[in-house]
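Novice: I would like to see how this sequence folds:
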Amino acid sequence: MKGGEYDYIVVGAGSAGCVLANRLSAEPTTRVLLIEAGGRDSNTLFRLPMLMGRLMHSGIYNWQFHTEPEPHLDGRKVFWPRGKVLGGSSTINGMIYVRGNPADYDGWEQMGLPGWSYEKVLPLFKRSEAHVDREDSFHGRTGELTVRRARGANAMFDAYMEAGQQAGYPFTDDFNGASQEGFGRYDFTIRRGWRCSAATAFLAPATKRPNLTIATRALAHRVLVEGGRAVGVEYRRGRNVVNAKAVREVILAAGVVGSPHLLMLSGIGDAEHLQEHGIATVHHLPGVGRNVQDHVDCCLVHECREPVSLRENLRVDRMTLGVLRAAMFGTGFVTTFPYESGSFIRSSKDLEVPDIQTHFMPATEATANLHWSVPALGRKRNVADEHGTTIRIGPVVPKSRGRIALRSGDPEDSPRIHANYLDDRRDVDTAVAGVQLMREVMAKPAFAATIGRELEPGPENMTDAQVAKWLVDAAMTTLHPVGSCKMGVDSEAVVDAELRVRGIKALRVADASIMPVITRGNTNAPTIMIAEKASDLILNPSATGSAAS
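Specialist: Coordinates of the predicted model:
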């Protein structure tokens, strides 16, 4: 079935795809098709920040990926939630806005990738941003993406920052400002109390443009390649298989799983691997699916002596009123996210930049997942059983590398995910160091009146060796997978510095999968920046030094 002719076809309406659809369709004469496997983000509850924990595990708007059995996690299969909806993972994520460290981007450029230094990408971050609370040389005020400071009122957030300073770490007012290192509060993509996803920020304003076509519930099967050039995309929508033609370019923005999967289904990847699944090789590109990186972390959990956590707000009666208040007025605790404080620290003074990130929550994970309680109704309650704190701790530049691989040649089959967590001993050592350093922080006077005994890893796991062994069962994903379509100049590079797929004309990848090395911090903001960069490379090749494919 013919699906029409467009100048550009974008596959994937996640954070990157929404930006690309907006920027490419801004020229009225340019015809753009945006293909998304999921549906529209119509569920109002996903727009309320405090509900994120429970809803992410609900299966709604989610690909429901799991890794293959992880060899260094005792064969556990790790849940990999990825957004399957307009806005992609920005519709289900924690809304934390962290750009990464300047050293990340300077490192990319030093790898032979001109145009990707921090100096060059900072204007792209600022272009997208509409910061409500900050106005300085590091932030934008006129972009589409609303960003604001944390607003949670719980006093334990401040106690965590105070304890960090008592332990000798600096206070950092802005993790995206002059210095990332230290303890502070995160910024969030929240607009008037509601989630500001990429679909809300970038796609919604563009939907009225007659030159933008959005195909939802449309699963891309393959990129159509003729004579070494991408000429369109085949996708299934309902019972129909549609072939849409691209006159200028096809841009893959299907994410760390979807983009390499689609390349391989199209015959672009390691020839031997493609042959194993009956796919004819269009172009041998062995790096497709390799170089997968993710932030792995673990939880340091304490009980509280006093009822100071978020638990009191999560009683059924208070939660119901909170949801109503948030929905009607955009105010109240339901419009905040439970992990508001955090830190970027160095495991060794010999390091120049942080290698550990933490997220602090004045609650336990069970509370964060909204196992709502009922009012006590006169019965005696044990404070320590209901109130606690959690610090998620992990290496921010992991050394372990994983892979996305085919399960079969059928586009309807999800690929195999080999995250390979903790394969590199350095990741284990950094995570252990992070746990020990955070134990020191939690022992400071700022927490003396409120923090009780340690629950995880617990007193039975005090030495480095014991914590390392505990990690096998405790390690989890921080939900930041990247790198499966690596940008670079070496033999495993999938795209070049201008995001063009090596060996195929008129085909680019523009999402988190192109990161050669993961950024220090949450990865949604860098993904949006990558799409801004891609739009410049596509629309203004002479200004960016790019040559037309």
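
Novice: Only C-alpha atoms from now on, for both contacts and neighbour counts.
Specialist: Will do.

Novice: The lengthiest helix in the chain packs against which elements?
Specialist: Determined from DSSP state H, the single longest helix within the chain is helix 425-442. Counting contacts by 3 or more Cα pairs under 8 Å, 6 or more residues apart in numbering; DSSP states H and E, helix 425-442 is packed against helix 155-166, strand 296-304, strand 356-361, strand 388-395, helix 464-474.

Novice: let's go with 7 Å and repeat that
Specialist: On a contact count with 3 or more Cα pairs under 7 Å, 6 or more residues apart in numbering; DSSP states H and E, helix 425-442 meets helix 155-166, strand 388-395, helix 464-474.

Novice: deepest of these, which one?
Specialist: Among those, ranked by average contacts under mean count of other Cα atoms under 10 Å, first place goes to strand 388-395 (a mean of 28).

Novice: residues in contact with that strand?
Specialist: 295-304, 309, 355-364, 427, 430-431, 434-435 (Cα atoms under 7 Å, 6 or more residues apart in numbering).

Novice: How about stretch 257-275?
Specialist: Residues outside stretch 257-275 that contact it (Cα under 7 Å, 6+ apart) are 221-223, 252-253, 279-289, 404, 406, 409, 411, 415, 484-485.

Novice: The same query, at a cut-off of 8 Å, please.
Specialist: 220-225, 252-253, 279-289, 404-406, 409-411, 415, 417, 484-485, 509, 513 (Cα atoms under 8 Å, 6 or more residues apart in numbering).

Novice: Can you point out the buried residues in stretch 57-64?
Specialist: For stretch 57-64, the neighbour count (16 or more other Cα atoms under 10 Å) marks 60-64 as buried.

Novice: least confident pick among those residues?
Specialist: Lowest pLDDT within the buried residues of stretch 57-64 is found at I60 (90).

Novice: quick one: that residue from V334, how far?
Specialist: 20 Å (Cα to Cα, to the nearest Å).

Novice: Ok, A163 next?
Specialist: 26 Å.

Novice: what do you get for R54?
Specialist: Taken as Cα to Cα, the span from R54 to V334 is 13 Å.

Novice: Same check on Y118?
Specialist: 35 Å.

Novice: Of those two, give the one with the bigger neighbour count.
Specialist: More neighbours surround V334 than the other of Y118 and V334, with 26 against 19 (other Cα atoms under 10 Å).

Novice: what about the residue nearest to the more buried one when sequence neighbours are not counted, is that helix, strand or coil?
Specialist: Closest residue to V334 apart from its sequence neighbours, by Cα to Cα, 6 or more residues apart in numbering: M50 at 4.8 Å. Assigned by DSSP: H, G, I helix; E, B strand; the rest coil, the conformation of M50 is helix.

Novice: Same question for L324.
Specialist: helix.

Novice: What does the pLDDT read for it?
Specialist: For L324, pLDDT reads 86.

Novice: now swap in R381 and tell me
Specialist: The model's pLDDT for R381 equals 54.

Novice: Likewise for E226?
Specialist: Predicted confidence (pLDDT) for E226: 98.

Novice: what number of residues lie near it?
Specialist: 12.

Novice: now it, which residues is it bridged with?
Specialist: R229 (DSSP bridges).

Novice: for the stretch 151-300 of the chain, what spans make up the helices?
Specialist: 155-166, 198, 204-206, 255-265, 271-276 (DSSP state H, counting those that start in this stretch).

Novice: hmm, who's touching the second one?
Specialist: Read it as helix 198. With contacts defined as Cα under 8 Å, 6+ apart, helix 198 is touched by 14-16, 18-19, 87-88, 90-91, 145.

Novice: and E532, which of the helices and strands packed on helix 425-442 is closest to it?
Specialist: strand 388-395 (27.5 Å; Cα to Cα).

Novice: Could I get the average pLDDT for the closest one?
Specialist: On average, strand 388-395 scores 97.

Novice: circling back: which one of the helices and strands packed on helix 425-442 lies nearest to F125?
Specialist: Comparison of the helices and strands packed on helix 425-442 against F125 by Cα to Cα identifies strand 388-395 as nearest, at 24.0 Å.

Novice: picking that back up, from the contacts of stretch 257-275, keep the buried residues only.
Specialist: 220-225, 252-253, 279, 281-289, 404-406, 409, 411, 415, 417, 484-485, 509, 513.

Novice: What score does S542 have for pLDDT?
Specialist: So, for S542, pLDDT stands at 69.

Novice: if we can go back for a sec, surely the residue nearest to V334 and F333 touch.
Specialist: Yes - if you go by Cα atoms under 8 Å, M50 and F333 touch, sitting 7.4 Å apart.

Novice: Find the nearest non-adjacent residue to A199, please.
Specialist: Closest to A199 by Cα to Cα, 6+ apart is G87, at 4.3 Å.

Novice: what number of residues lie near P210?
Specialist: 12.

Novice: residue contacts, T281?
Specialist: Counting by Cα under 8 Å, 6+ apart, T281 has contacts 267-269, 271, 274-275.

Novice: start to end distance for stretch 109-116?
Specialist: 5 Å.

Novice: So which bits of that stretch are buried?
Specialist: For stretch 109-116, burial by neighbour count (16+ other Cα under 10 Å) applies to 109, 113, 115-116.

Novice: any low-confidence regions in the stretch 301-450 of the chain?
Specialist: 366-385 (pLDDT under 70).

Novice: Now for D133, how many residues are close by?
Specialist: D133: 11 neighbours (other Cα under 10 Å).

Novice: Next: the one 10 residues further on.
Specialist: Here the number of neighbours of G143 (other Cα under 10 Å) works out to 17.

Novice: three-state assignment of it?
Specialist: Applying three-state DSSP: G143 is coil.

Novice: that older thread, in helices, which of the contacts of helix 198 appear?
Specialist: Per DSSP H, the contacts of helix 198 map to helices at 15-16, 18-19.

Novice: Show me which of those residues is closest to R149.
Specialist: Checking those against R149 with Cα to Cα, the nearest one is S15 at 20.6 Å.

Novice: That closest one against P526, yeah?
Specialist: No - here S15 lies out of contact with P526, judged by Cα under 8 Å, at a distance of 9.8 Å.

Novice: Tell me which of the two has more neighbours.
Specialist: More neighbours surround S15 than the other of S15 and P526, with 34 against 25 (other Cα under 10 Å).

Novice: Quick check: closest non-adjacent residue to the more buried one.
Specialist: In space, S15 is closest to A198, 5.0 Å off (Cα to Cα, 6+ apart).

Novice: so how far is R23 from that neighbour?
Specialist: 13 Å.

Novice: quick one: which of the two has more around it?
Specialist: A198 (28 against 19).

Novice: Just give me the neighbour total for G238.
Specialist: The number of residues packed near G238 is 9, by other Cα under 10 Å.

Novice: what sits against it?
Specialist: Contacts of G238 (Cα under 8 Å, 6+ apart): 217-218.
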